[in-house]
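Colleague: this one's sequence-less:
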């Protein structure tokens, strides 16, 4: 059974405490205060909005508190089962589940309630708009639902700074200004671009700068 890679190692940005909150303070407070046996929670938003980050951070928090966690996504094949000790069930990208997985996800809801576990799921849209079987959609809409709000410029800057520090980089202010001015203000675009720049800078043994970014972008893609 494939599960989310919840053994996070040294990744500091995967903790709830390192999540760049922006306008999502209510959601973060809700997750930090969750306990076993509560109604299911649905977190929805576009790609790169931080949904999976929150699941990783939540799993880490519960495990550090001695609670057993089980996690599933569209890549989880075979039979979905819960150990009796599980108190938190995570389902990432529930909108991507196939027909068989939707059936198993609904069964997980029933099993979770029976053993006092809490379910937290993510999706790209609210429950009412998801192309899922009706009983599963009803379960997803049963409890609190939170739309992840886009990060404003200040929060995006904080996110990029944190990602740079995770890589051991002190990103200059002019580089952050350039990224936020010239590119889509979307973590799903900016973080991969920063990762690409980091690898390019390492290869050339230079610090990430605006001129280096321009040089990288002007080079032809390798065949």
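Modeller: Nice, thanks for sending it over. Please read all numbers here as calculations on a predicted model, not as lab measurements. Residues are numbered from 1 along each chain as shown.
Colleague: all helices for this structure, in order.
Modeller: Counting by DSSP state H, residue ranges of the helices within the chain are 25-32, 51-64, 99-114, 134-140, 153-166, 173-182, 187-204, 210-218.
Colleague: Check the average confidence over stretch 159-173, would you?
Modeller: Summarised as a single mean, pLDDT over stretch 159-173 is 86.
Colleague: If you could redo that for stretch 79-99, that was the one I meant.
Modeller: Average pLDDT, stretch 79-99: 93.
Colleague: try stretch 102-109
Modeller: For stretch 102-109, the per-residue pLDDT values average out at 94.
Colleague: Going forward, the N-terminal residue is numbered 51.
Modeller: In the new count, where the first residue is 51, that last one comes out as stretch 152-159.
Colleague: can you give me how far it is from the chain middle?
Modeller: A distance of 21 Å separates the centroid of the chain from that of stretch 152-159, by C-alpha atoms, centre = their mean, to the nearest Å.
Colleague: contacts for that stretch?
Modeller: Around stretch 152-159, the neighbours that count as contacts under C-beta atoms under 8 Å, 6 or more residues apart in numbering are 90, 122, 129-130, 132, 139, 141, 144, 147, 169, 182-183, 185-186, 189. Using the backbone N, CA and C atoms, a C-beta is placed for each residue, glycine as well.
Colleague: could you redo the last one with a cut-off of 7 Å?
Modeller: For stretch 152-159, the surrounding residues in contact (C-beta atoms under 7 Å, 6 or more residues apart in numbering) are 90, 130, 132, 139, 141, 144, 147, 169, 182-183, 185-186, 189.
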